[in-house]
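Novice: I would like to see how this sequence folds:
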Amino acid sequence: MLETKVPEGQDVAVLMAAVKHAGFESITKIDGGTERLLVACDEGDRAKVRSILERVHRTGFDGTMYADHVSFDDER
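Specialist: Presented below is the predicted three-dimensional model:
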């Protein structure tokens with residue numbers, strides 16, 4: 001299971017739809033007031049999931065573009 005922070009203002013449904021389209025299941029949770037995206041996948045799919053999340057059009061509700069490198073919690 002890969003876990004990453006959802007940028008504040010980002011619609012997590014867009015991220016969830018992108019990983020679902022690629023065949024992965026995901027859920028969200030709130031941890032200390034921060035929304036988290038958890039993606040179920042094998043360790044060998046880490047790069048694929050990262051690529052999906054980095055390529056998806058990520059625009060916040062306020063129009064802010066999110067194009068940062070995606071880091072998973074176990075990489076910090």
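Novice: helices of this protein, start to end?
Specialist: Taking DSSP state H as the criterion, the chain carries its helices at 12-21, 46-55.
Novice: of all those, which one is nearest D74?
Specialist: Of all these, helix 46-55 sits nearest to D74, with 9.5 Å by CB to CB. Where C-beta positions appear, they are placed from N, C-alpha and C, glycine not excepted.
Novice: what sits up against that closest one?
Specialist: 2, 4, 15, 18-19, 22, 24, 37, 39, 41, 67, 69-70, 72 (CB atoms under 8 Å, 6 or more residues apart in numbering).
Novice: can you check what angle separates that helix from helix 12-21?
Specialist: Relative orientation of helix 46-55 and helix 12-21, computed by axes from the mean of the first three to the mean of the last three CA atoms, to 10 degrees: 140 degrees.
Novice: alpha carbons only: can I get helix 46-55 in CSV?
Specialist: Extracted in CSV, the C-alpha atoms of helix 46-55 (Å, rounded to 0.1, in the frame of the first residue of the first chain):
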residue,chain,number,x,y,z
ARG,A,46,5.5,1.9,-7.4
ALA,A,47,7.0,3.7,-10.4
LYS,A,48,3.9,3.2,-12.4
VAL,A,49,1.6,4.6,-9.7
ARG,A,50,4.0,7.6,-9.2
SER,A,51,4.0,8.3,-13.0
ILE,A,52,0.2,8.1,-13.1
LEU,A,53,-0.2,10.6,-10.2
GLU,A,54,2.5,13.0,-11.7
ARG,A,55,0.9,13.0,-15.2
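Novice: for that helix, buried residues please.
Specialist: Buried residues in helix 46-55, counted by 16 or more other CB atoms under 10 Å: V49, R50, I52, L53.
Novice: now do the buried residues in stretch 34-42.
Specialist: R36, L37, V39, C41.
Novice: residues touching the second one, list them.
Specialist: Okay, so that is L37. By CB under 8 Å, 6+ apart, L37 lies in contact with E3, T4, K5, V6, V12, L15, M16, S26, I27, T28, L53.
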